[in-house]
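> No sequence on hand, only this structure:
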């Protein structure tokens, strides 16, 4: 229950954020790619939420404090580098997590086996862009470093324990750091040195404590559904 | 095109340039008359090339500008199922833009060049996208009416004389037909939903009906490019012919939807075997075309902004590709453009 909600909300919220890029991407190929990733995540979210209950009730009728996603995925898009930093941090984590879940025999094994192929692409997409932006022009290098730095403090939460997901979190964290470090260094960038969590970011999202932009995101997402109680769409 | 290529016909011909030109034209005309496809390496009249570039560019631009009014509702889609459908639809439109810009490239004109012309206001996109999407039901009305009109216009383009355009259109029409059905199904759900949902659906149809009829272009006697395009088989049916076909398709569909069309003059004409419909306000059409529609400024401004704000990303990708093409084997694969896998 807890796990499906946590993983489902991660996918739902990140999908929503990526959907905000539609019509604003820097190049037409990225309109296609970002929408593709958003659609994969939305598909995962719908399956995971359906383990818990009605997908629309869960997505549209819960208050902010009832969401269990990590704070990383709710962070606003910022510029393209900022979005790619968020994608790198999250997709590497999700890829490693799903690989492990797919290899196990838990309740998420089937879903993870399917999703891991999608997420491998998301990870590749993010890594390629971090390389290009880091090792592109002076401006792109600076923007990419700013994105990595700004979101670093939200990464610690990825490794907080989630009830129902039985994996070695500290090993996951080590593998994540090694993978991210390798990409960041190849991109001629620096792995941020600050703490991976602040007073409010250590496991807070999983307990329903979110950041200010999240309330606005939900207001927009839920408004129409809530305006017509009981209606079918 | 089954006929010989331009290169072959010029080889060993001792005639004058005029004779060669006349021979090319005769080959081209014969190919068009025989319903053969003209391919990129075939000789073609400059005016034919220019006309195709104009039409394909306008079509490609319409796909990418057309993403805006629908993307406007992605973040507010009222169910996760609808959200997935809408995101997939907007993604398809970006994909259609890609096919069409690529097809236009076969005529020797780059995507960058065409985008520059769009941003400078020197090439058009379909005027329909200068209308706003004010409610969720507008997403349905766009699918049913706007995509429906587009399909009516575009299905004949699958038989267009220019090969790359015709082939792109086959794929596009398949996806458009899915878009049209989702719009119809969305409106059906609203029309049979709560009174407020029904009213939302009717209001959207009222606002989108007339602009959709205008999508077929000016009446035949006032259409600037029609006659030549028909002769070249770029275009297969006249504007008015297609418009009438569209009305005939929509009238029974509106009845099933339980929605009315905002035209008291629509009635079945027994003698002609088709529907009559009321007079279209061509003044509105001309005004929107001139840039005075409700969203002309907004659509172009957003497009320019996305392009300008993305310049540093494109520059970075180019700089990275330059650096790494000089060092083969280091990160060559990463220098390729990123494309979706699914």
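Cool, got the structure. These numbers were taken from a predicted model, which means no experiment stands behind them.
> any idea which element the residue nearest to the spatial centre of chain B lies in?
Nearest to the mean C-alpha position of chain B, by Cα atoms, centre = their mean, lies residue B:59 at 3.6 Å. Assessed by DSSP states H and E, residue B:59 sits inside helix B:46-65.
> Contacts for that helix, please.
A:28, A:31, B:28, B:38, B:93-94, B:96-97, B:100-101, B:103-104, B:107-109, B:114, B:117-118, B:123-126, B:129, B:162, B:165, B:225, B:228-229, B:232, B:234, B:299-300, B:303 (Cβ atoms under 8 Å, 6 or more residues apart in numbering or on different chains). Heads up, the C-betas are built off the backbone N, CA and C, glycines and all.
> If you count residues, where's the longest helix of chain B?
Taking DSSP state H as the criterion, chain B has its longest helix at helix B:163-191.
> excluding its backbone neighbours, what's nearest residue B:200?
Once flanking residues are discounted, residue B:200 sits nearest to residue B:137: 4.2 Å by Cβ to Cβ, 6 or more residues apart in numbering or on different chains.
> count of neighbours near the one you found?
Residues lying near residue B:137 (other Cβ atoms under 10 Å in any protein chain shown) number 27.
> per-residue pLDDT, it?
Note on residue B:137: pLDDT of 98.
> sorry, back to before: which other helices and strands contact the longest helix of chain B?
Applying 3 or more Cβ pairs under 8 Å, 6 or more residues apart in numbering or on different chains; DSSP states H and E, one finds that helix B:163-191 contacts helix B:80-105, helix B:137-141, helix B:148-154, helix B:195-214, helix B:239-257.
> mind checking how far the third one is from the chain centre?
Between the mean C-alpha point of helix B:148-154 and the mean C-alpha point of its chain there is a distance of 9 Å (Cα atoms, centre = their mean, to the nearest Å).
> count of residues packed around residue 19?
Here I'm looking at chain A. Around residue A:19 there are 24 residues (other Cβ under 10 Å).
> my bad, the chain I had in mind was chain B
Counted by other Cβ under 10 Å, the residues lying close to residue B:19 total 11.
> what do you get for the one 4 residues further on?
Residue B:23 sits with 17 neighbouring residues when counted by other Cβ under 10 Å.
> Could you pull up the contacting residues of residue A:89?
Applying Cβ under 8 Å, 6+ apart, we find residue A:89 in contact with A:72, A:151, A:154, A:155, A:158, A:180.
> go again using 7 Å as the cut-off
A:72, A:151, A:155, A:180 (Cβ atoms under 7 Å, 6 or more residues apart in numbering or on different chains).
> can you check residue B:179 too?
Going by Cβ under 7 Å, 6+ apart, residue B:179 touches B:89, B:143, B:147.
> ok, now residue A:141?
Counted by Cβ under 7 Å, 6+ apart, residue A:141 has contacts A:134, A:188.
> hmm, 8 Å instead?
A:133, A:134, A:135, A:188, A:189.
> where does it land on pLDDT?
We have a pLDDT of 98 for residue A:141.
> again with residue A:197
With respect to pLDDT, residue A:197 scores 81.
> sorry, back to before: what's the mean pLDDT across the helix holding residue B:59?
The model assigns helix B:46-65 a mean pLDDT of 95.
> sorry, back to before: tell me which residues of the longest helix of chain B come out buried.
Of the residues in helix B:163-191, those with enough neighbours to count as buried (16 or more other Cβ atoms under 10 Å in any protein chain shown) are B:163-166, B:168-169, B:172-173, B:175-176, B:179-180, B:182-184, B:186-191.
> got it, and stretch B:107-126?
In stretch B:107-126, counting by 16+ other Cβ under 10 Å, buried: B:107, B:109, B:111, B:114, B:115, B:117, B:118, B:123, B:125, B:126.
> quick one: low-confidence ranges for chain A?
For chain A, applying pLDDT under 70 flags the ranges A:1, A:199-203.
> ok, 80 please
Chain A contains residues with pLDDT under 80 at A:1, A:198-203.
> Just the helices from it, written as ranges.
Ranges of helices in chain A, per DSSP H, are A:2-19, A:28-52, A:55-61, A:71-74, A:80-103, A:109-134, A:138-152, A:169-186, A:212-227.
> Tell me who's in contact with residue B:213.
Neighbour list for residue B:213: B:149, B:243, B:246, B:247, B:277, B:280 [criterion: Cβ under 8 Å, 6+ apart].
> got CSV for the residues you listed, with pLDDT too?
Output for the contacts of residue B:213, formatted as CSV (pLDDT from 0 to 100):
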residue, pLDDT
B:149, 96
B:243, 96
B:246, 97
B:247, 97
B:277, 96
B:280, 96
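> can you put those residues in JSON lines and add distance to residue B:312?
Shown next, in JSON lines, are these (distance: Cβ to Cβ, whole Å):
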{"residue": "B:149", "distance to residue B:312": "38"}
{"residue": "B:243", "distance to residue B:312": "45"}
{"residue": "B:246", "distance to residue B:312": "44"}
{"residue": "B:247", "distance to residue B:312": "48"}
{"residue": "B:277", "distance to residue B:312": "50"}
{"residue": "B:280", "distance to residue B:312": "45"}
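> Return the member of the residues you listed nearest to chain A.
Lowest distance from chain A to those (Cβ to the nearest Cβ) belongs to residue B:149, with 21.6 Å.
> how about that closest one, what does it touch?
Counting by Cβ under 8 Å, 6+ apart, residue B:149 touches B:128, B:212, B:213, B:215, B:216, B:246.
> quick check: angle from the longest helix of chain B to helix B:239-257?
30 degrees (axes from the mean of the first three to the mean of the last three Cα atoms, to 10 degrees).
> re earlier: tabulate the buried residues of stretch B:107-126 (JSON lines), appending pLDDT, distance to residue B:19 and secondary structure.
Output for the buried residues of stretch B:107-126, formatted as JSON lines (pLDDT from 0 to 100; distance: Cβ to Cβ, whole Å; DSSP: H, G, I helix; E, B strand; the rest coil):
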{"residue": "B:107", "pLDDT": "95", "distance to residue B:19": "26", "secondary structure": "coil"}
{"residue": "B:109", "pLDDT": "95", "distance to residue B:19": "29", "secondary structure": "coil"}
{"residue": "B:111", "pLDDT": "96", "distance to residue B:19": "37", "secondary structure": "helix"}
{"residue": "B:114", "pLDDT": "97", "distance to residue B:19": "35", "secondary structure": "helix"}
{"residue": "B:115", "pLDDT": "97", "distance to residue B:19": "40", "secondary structure": "helix"}
{"residue": "B:117", "pLDDT": "97", "distance to residue B:19": "36", "secondary structure": "helix"}
{"residue": "B:118", "pLDDT": "97", "distance to residue B:19": "40", "secondary structure": "helix"}
{"residue": "B:123", "pLDDT": "94", "distance to residue B:19": "36", "secondary structure": "coil"}
{"residue": "B:125", "pLDDT": "95", "distance to residue B:19": "41", "secondary structure": "coil"}
{"residue": "B:126", "pLDDT": "94", "distance to residue B:19": "42", "secondary structure": "coil"}
